[in-house]
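> no sequence on hand, only this structure:
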């Protein structure tokens, strides 16, 4: 099935938001997300004649984007699961972090701190602790709702391997959040979302805010699979570029990325 | 007599065609060999991925408490097992034929894993460990039986691989 330039443009415009947010969530790099999205468009346009219609245009575009991103990501170290602790420590000793964050919070229309936004930010960071293929497959399935067959096409691998990555990646993330996230486990070591809520929204009661999120309300049921699904609902509901807290969360994400991958040298 | 039969089976390769074998050990003066087989209904790629992802072992395998390193050609791993919780085993990957055959070991022993796919979609998984050498008679009595641990390893692998293969995912 041939794809016309007009159809490609229309499909790209429909897919652009999801594509850009996916690349951001796997790279944790705003600039890379913009650049790779643009590069995807150019490559798709150049190879329009190669599109055979064996997959949907959306799947084809994600495959192109992921190929570009994966080459870049393979060169980077994976992050540890306690990335939040490490970056919190770094932020506490960096006066610029809170000064910049407060300026964004006061001046940007997209900088209202919300716990659910931090849940999505947190998953983006912690999922970087998975082996790369597990992280990519998990995001594509759980957040962007591709089928196993489509993910196999995007990742250019077998459905059996996709099932393996999904199973192990999901199991690992459920275990990490079950041990660490105080929102679902009273013994959990990480309270960062409620602590930040206290800083940005000092008049709010963090616990009252937290229970507005279904994952927190259902925590007592202790069905870990169910709680993970609810965490993924939060991810699906938010676009990290357009959400009410996007500017603030993108600032946090860039800070974490620089802590984990090194800051650009000052000129 | 049982040990003799087991040794004969191992020698002529019957263990590799059998579908289910509880762990059994054959002993000689200078060696001891334990082997287990099970039939797994899963793609060999899934079983291979489970066998070669060191950091994931402790999640699905009840006989291994931790494993570090890289299971790749020439790779080195360090594992802790429930057989001897206090001891850390430093091992080298000695054979690595994707989705077919894997072996790791040290100067005293060699553990070999083989996968044989069948037309009906099942895979015969066999795990064998041969330990020994000239000094074996001196320390043989201090080495615990592997049989229960081997049965648990094979059962855990079967359960995990089949759970992944059968997971209803659109």
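Good, I have the coordinates. What you see is a predicted model, and the numbers here were worked out from it, not measured in a lab.

> list the buried residues for stretch B:108-118?
B:109-116 (16 or more other C-beta atoms under 10 Å in any protein chain shown). Where you see a C-beta, it was placed from the backbone N, CA and C, and this is true even at glycine.

> just how off-centre is the worst-scoring helix or strand of chain A on mean pLDDT within its chain?
Each helix and strand of chain A was given a mean pLDDT (mean pLDDT, DSSP states H and E); the minimum falls on helix A:206-210 at a mean of 86. In terms of C-alpha atoms, centre = their mean, to the nearest Å, the gap separating the centre of helix A:206-210 from the centre of its chain is 23 Å.

> and the next element down the chain from it?
Scanning forward in sequence from helix A:206-210 by DSSP states H and E, the next helix or strand is helix A:214-217.

> helix or strand for residue 89, which one?
I'll assume chain A. Mapping residue A:89 onto the secondary structure by DSSP H and E places it in helix A:83-92.

> you answered for a different chain; I wanted chain B.
Element membership of residue B:89, judged by DSSP H and E, is strand B:84-97.

> can you list the strands that the next helix or strand after that strand pairs with?
Per DSSP H and E, the first helix or strand lying C-terminal to strand B:84-97 is strand B:101-105. According to DSSP bridges, the neighbouring strands of strand B:101-105, each with its direction, are strand B:84-97 (antiparallel), strand B:109-117 (antiparallel).

> in terms of mean pLDDT, which of the ones you listed ranks lowest?
Comparing mean pLDDT over the strands paired with strand B:101-105, the weakest stretch is strand B:84-97, at a mean of 93.

> quick one: buried residues of that strand?
Along strand B:84-97, these residues count as buried under the neighbour rule (16+ other C-beta under 10 Å): B:89, B:91, B:93, B:96.

> now that strand: how far from the chain's centre is it?
11 Å.

> residues in contact with it?
Strand B:84-97 has contacts (C-beta atoms under 8 Å, 6 or more residues apart in numbering or on different chains) with B:52, B:65, B:70-81, B:101-106, B:110, B:112, B:144.

> in which helix or strand would I find the residue of the stretch 151-267 of chain A found nearest chain B?
Per C-beta to the nearest C-beta, residue A:160 is where the stretch 151-267 of chain A lies closest to chain B, at 3.6 Å. Using DSSP H and E, residue A:160 falls within helix A:159-180.

> got the angle for the following helix or strand past that helix vs helix A:159-180?
Proceeding C-terminally, helix A:159-180 gives way to helix A:192-200 as the next helix or strand, assigned by DSSP H and E. Between the axes of helix A:192-200 and helix A:159-180, defined by axes from the mean of the first three to the mean of the last three C-alpha atoms, to 10 degrees, the angle is 60 degrees.

> which of the contacts of strand B:84-97 are buried?
With burial judged by 16+ other C-beta under 10 Å, the buried subset of the contacts of strand B:84-97 is B:52, B:71, B:77, B:79-81, B:102-105, B:110, B:112.

> for chain A, what is the nearest residue in chain B?
Closest point on chain B to chain A, by C-beta to the nearest C-beta, is residue B:43, at 3.6 Å.

> can you tell me the closest non-neighbouring residue to that residue?
Sequence neighbours aside, residue A:160 is the residue nearest to residue B:43 in space, at 3.6 Å (criterion: C-beta to C-beta, 6 or more residues apart in numbering or on different chains).

> burial of the one you found, as a residue count?
21 (other C-beta atoms under 10 Å in any protein chain shown).

> so how far is residue A:168 from it?
13 Å (C-beta to C-beta, to the nearest Å).

> near chain B, which residues of the stretch 101-250 of chain A?
Counting by C-beta under 8 Å from any C-beta of the partner chain, the stretch 101-250 of chain A comes close to chain B at A:131, A:141, A:147-148, A:158, A:160-161, A:163-164, A:166-168, A:171-172, A:175.
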